[in-house]
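Participant: Compute the structure for the input listed below.
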Amino acid sequence: MAKSKAEAAVENAIHEVAAEAKESGCCGNHYGRNANMGHAGGGAVYGLGLIGALVYFIQHATSFGDGLLGVLKAIVWPALVIYQVLVNFKM
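Facilitator: I've put the predicted structure just below:
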């Protein structure tokens, strides 16, 4: 069965959009120059939180052991926060 002009136009439009997306590097092509652009936001937040937690725990340490425990707490602070949130919501 032959395609109508409308069906052919839609098919051509789909192929044009797919070709344009492939050229622009979106939609699954993660090997381009900007492949990781915008993916480091969580790392920056974690890094700032780590530094803040280190400063807080080390300032409040009264011994070397407390300081060492503070460093370990600073590394796992997101897990501690989530745990407290779940405890407070009684989940």
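Participant: do you know how far W77 is from A44?
Facilitator: 15 Å (CB to CB, to the nearest Å). Every residue, glycine included, has its C-beta placed from N, CA and C.
Participant: Just want to know which of the two has more residues nearby.
Facilitator: Each of W77 and A44 has its neighbours counted (other CB atoms under 10 Å); W77 has more, 18 against 9.
Participant: tell me which element the residue lying closest to that one once chain neighbours are set aside is part of?
Facilitator: Counting by CB to CB, 6 or more residues apart in numbering, A53 is the residue found nearest to W77 once chain neighbours are left out, at 4.7 Å. Assigned by DSSP states H and E, A53 belongs to helix 41-59.
Participant: Pull the residues that contact that helix.
Facilitator: Outside helix 41-59, the residues that touch it by CB atoms under 8 Å, 6 or more residues apart in numbering are G67, L69, G70, V71, K73, A74, I75, W77, P78.
Participant: Tell me where this protein has helices.
Facilitator: 5-24, 41-59, 64-75, 77-88 (DSSP state H).
Participant: counting contacts, what elements does the last one pack onto?
Facilitator: It stands for helix 77-88. helix 41-59 (3 or more CB pairs under 8 Å, 6 or more residues apart in numbering; DSSP states H and E).
Participant: For stretch 77-87, buried residues please.
Facilitator: Neighbour counts over stretch 77-87 (16 or more other CB atoms under 10 Å) mark W77 as buried.
Participant: lowest-confidence helix or strand of this structure?
Facilitator: None of the helices or strands of the chain scores lower by mean pLDDT, DSSP states H and E than helix 5-24, at a mean of 74.
Participant: how far does that one sit from the chain's center?
Facilitator: Using CA atoms, centre = their mean, to the nearest Å, the mean C-alpha position of helix 5-24 is found 32 Å from that of the whole chain.
Participant: elements contacting that helix?
Facilitator: Applying 3+ CB pairs under 8 Å, 6+ apart, we find helix 5-24 packed against no helix or strand.
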